[in-house]
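Colleague: sharing a sequence plus its predicted fold:
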Number of protein chains: 2
Amino acid sequence: MDSKILNLKAKLEVYKAMTGGGNFADCPVRDVIQGISGKWSSLLVMALAEKPYRFGELRRLVPDISQRMLTQTLYDLQRDGYVHREVFPTKPPSVEYSLTDLGRSMSGPMHQLVQWAELNHDAVRDARAAFDART
Amino acid sequence: MDSKILNLKAKLEVYKAMTGGGNFADCPVRDVIQGISGKWSSLLVMALAEKPYRFGELRRLVPDISQRMLTQTLYDLQRDGYVHREVFPTKPPSVEYSLTDLGRSMSGPMHQLVQWAELNHDAVRDARAAFDART
DNA sequence: GTTGGCGGTCTCAAAAAGAGACCAGCACTA
DNA sequence: TAGTGCTGGTCTCTTTTTGAGACCGCCAAC
């Protein structure tokens, strides 16, 4: 058996996987996923799915986020159309963040994932401990 | 109306949200979510959900991942129990990566999210363009 | 008049990610 | 027999991202 043939076979498999199977490389799905797979994005979306929050409330709700990252992440979520930002002209102007329709429709599948994490976090913790012990 | 009372009210709301509503701050769900919300994790999990892959195959399948990040991400996924790594003692030793049962059970909810992204990526793209035009 | 909350921006250090050289071992080729 | 390529990585260096914290004007309450 020639190695060139094996090589070609592998390349065909890869091509099939890229076009028919998954479209992993250049497809816009990656853009979307990367937009919501940041360290804080999912957390803020889950928070806002419950109810609208103000800037300072979110800051207290997620104690270990820096003000800079809260600003930045909310900006990105707003840019991608998940979050609506409304400024109320009160004496100290207050700003409310809420989910848009797009954000609400996305929070469904994301909630599924969070629920999975809720159910299986001990399995993950065990796997991690076992792996570390094996090392 | 006293501002202290308003303040207390806000704090109670936040407390309620943290304990009853979502447990956003210290809960293990965040550990799990952060483990799979990396830039490449979801992509590799979706790839391995299709079928097991070898190191070089994954490298070609995801052309813009660096070798270092592929190694690192696969290591992390293995540590968290999502991925199984098997070395075959062939002439150039080949390594195969596959999903574990835990990984397969997680890939379900994650696939939901990817499907949402597939259906709504144009809406996100439009929102992004509209936001940028507004600026 | 000083303090504290509001919603941020700015700067600087630390951590993470990307680019690319390098490694041993074996198969095939010229 | 020397050269080339594929295997799955590691090591170093540079660039990007993130975190920590100071600072901002404004206004209300004490």
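Modeller: Perfect, I can see it now. Residues are numbered from 1 along each chain as shown, chains lettered A, B, ... in the order given.
Colleague: surely residue A:69 is in contact with residue A:41?
Modeller: No: in this structure, residue A:69 is not within contact of residue A:41 by CB atoms under 8 Å, at 10.3 Å. To be clear about C-beta, it is placed using only N, CA and C from the backbone, and glycine gets the same treatment.
Colleague: those two: which has the busier surroundings?
Modeller: More crowded of residue A:69 and residue A:41, by other CB atoms under 10 Å in any protein chain shown: residue A:41, with 21 against 15.
Colleague: if I read this right, the more buried one contacts residue A:75, doesn't it?
Modeller: No: using CB under 8 Å, residue A:41 is not in contact with residue A:75, being 11.3 Å away.
Colleague: which parts of chain A sit against DNA strand D?
Modeller: By CB under 7 Å from any atom of the strand, the residues of chain A that approach DNA strand D are A:7, A:10, A:38-40, A:64-69, A:72, A:91-92.
Colleague: let's see 6 Å
Modeller: A:38-39, A:66-69, A:91-92 (CB under 6 Å from any atom of the strand).
Colleague: okay, the residues you listed in TSV with secondary structure and distance to DNA strand C next?
Modeller: Output for these, formatted as TSV (DSSP: H, G, I helix; E, B strand; the rest coil; distance: CB to the nearest atom of the strand, whole Å):
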residue	secondary structure	distance to DNA strand C
A:38	coil	10
A:39	coil	9
A:66	coil	8
A:67	helix	4
A:68	helix	4
A:69	helix	9
A:91	coil	8
A:92	coil	4
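Colleague: looking at the residues you listed, which is nearest residue B:126?
Modeller: residue A:38 (20.8 Å; CB to CB).
Colleague: phi and psi next, for the closest one.
Modeller: phi -70, psi 170 (degrees, to the nearest 10).
Colleague: mind listing what it touches?
Modeller: A:73, A:76, B:37 (CB atoms under 8 Å, 6 or more residues apart in numbering or on different chains).
Colleague: just send these back as JSON lines, with neighbour count too.
Modeller: Output for the contacts of residue A:38, formatted as JSON lines (neighbours: other CB atoms under 10 Å in any protein chain shown):
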{"residue": "A:73", "neighbour count": "21"}
{"residue": "A:76", "neighbour count": "18"}
{"residue": "B:37", "neighbour count": "21"}
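Colleague: for the residues you listed, which one is nearest DNA strand C?
Modeller: Closest approach between the contacts of residue A:38 and DNA strand C, by CB to the nearest atom of the strand: residue B:37, at 9.8 Å.
Colleague: right, and that closest one touches residue A:37 too?
Modeller: Yes: counting by CB under 8 Å, residue A:37 is a contact partner of residue B:37 at 4.5 Å.
Colleague: what about the longest helix in chain A?
Modeller: The helix spanning the most residues in chain A, taking DSSP state H as the definition, is helix A:101-134.
Colleague: output the below-cut-off pLDDT ranges for chain A.
Modeller: A:1-26 (pLDDT under 70).
Colleague: for residue A:65, which three-state class applies?
Modeller: Under DSSP: H, G, I helix; E, B strand; the rest coil, residue A:65 falls in the coil class.
Colleague: what do you get for residue A:87?
Modeller: Going by three-state DSSP: residue A:87 is strand.
Colleague: so for it, what's the nearest residue that isn't a sequence neighbour?
Modeller: Spatial nearest neighbour of residue A:87, chain neighbours left out: residue A:95 (5.2 Å); criterion: CB to CB, 6 or more residues apart in numbering or on different chains.
Colleague: residues contacting the one you found?
Modeller: Here residue A:95 is in contact with A:54-55, A:85-88 (CB under 8 Å, 6+ apart).
Colleague: and residue A:71, how many neighbours does it have?
Modeller: 13.
Colleague: in the longest helix of chain A, what counts as buried?
Modeller: The neighbour-count check on helix A:101-134 (16 or more other CB atoms under 10 Å in any protein chain shown) flags A:102-103, A:106-107, A:109-114, A:116-117, A:120-121, A:123-124, A:127-128 as buried.
Colleague: likewise stretch A:29-49?
Modeller: A:29-30, A:32-38, A:40-49.
Colleague: which residues are contacting the helix or strand harbouring residue A:74?
Modeller: Under the criterion of DSSP states H and E, residue A:74 resides in helix A:67-79. Contact partners of helix A:67-79, identified using CB under 8 Å, 6+ apart, comprise A:35, A:38-41, A:44-45, A:55, A:58-59, A:62, A:65, A:83-85, A:97, A:103, B:127-128, B:131-132.
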